[in-house]
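**Student:** Prediction below, plus the sequence it came from.
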Amino acid sequence: MRRHPEREGAHRPGRRGRPLRAHQVLWDTLTAFVDADCSGNKAARTLFIHRSTLDHRLSRIGDATGYDPTGGRGAQTLTAALIAEALTG
């Protein structure tokens, strides 16, 4: 069952990425995926991993954040979280 962070008071984009900061591999995966314009094949090549490994990591990102990075709204929300984190440090 997916959590709904927007219902739990996580109204600021930067907070949505925080569960990933404790997992550097997932953070790097999300960054590569966003940098690849959400292209799984391109992100997997960038990370030097198999595409199925990328899919598994993206699933873990969805579980950790409550947002599916491969879906439109989830990708937008998580991209905003990456930007907010970059701006605020």
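**Tutor:** Yes, it's here.
**Student:** Longest helix of this structure, counting residues only.
**Tutor:** helix 72-88 (DSSP state H).
**Student:** all helices of the protein, in order?
**Tutor:** Using DSSP H, helices in the chain cover 13-21, 24-35, 40-47, 51-65, 72-88.
**Student:** can you pull the contacts of the residue most central in space within the chain?
**Tutor:** For the chain, the residue sitting closest to the mean C-alpha position, by Cα atoms, centre = their mean, is Leu30 at 4.2 Å. Leu30 is in contact with 17, 20, 58, 61, 69, 78, 82, counting by Cβ atoms under 8 Å, 6 or more residues apart in numbering. For the C-beta atoms, the positions are set from N, CA and C on the backbone; glycine is no exception.
**Student:** Hmm, Leu26 and the fourth one touching each other?
**Tutor:** Same thing as Ile61. Yes - with contact defined as Cβ atoms under 8 Å, Ile61 counts as touching Leu26 (5.4 Å).
**Student:** ok, these two, which is more surrounded?
**Tutor:** Ile61 (24 against 21; other Cβ atoms under 10 Å).
**Student:** of all the contacts of Leu30, which comes closest to Ser52?
**Tutor:** Leu58 (10.6 Å; Cβ to Cβ).
**Student:** Skipping its backbone neighbours, what lies nearest that closest one in space?
**Tutor:** Counting by Cβ to Cβ, 6 or more residues apart in numbering, Leu58 lies nearest to Pro69, which is 5.2 Å off, once chain neighbours are set aside.
**Student:** Would you mind measuring from the one you found to Thr31?
**Tutor:** 11 Å (Cβ to Cβ, to the nearest Å).
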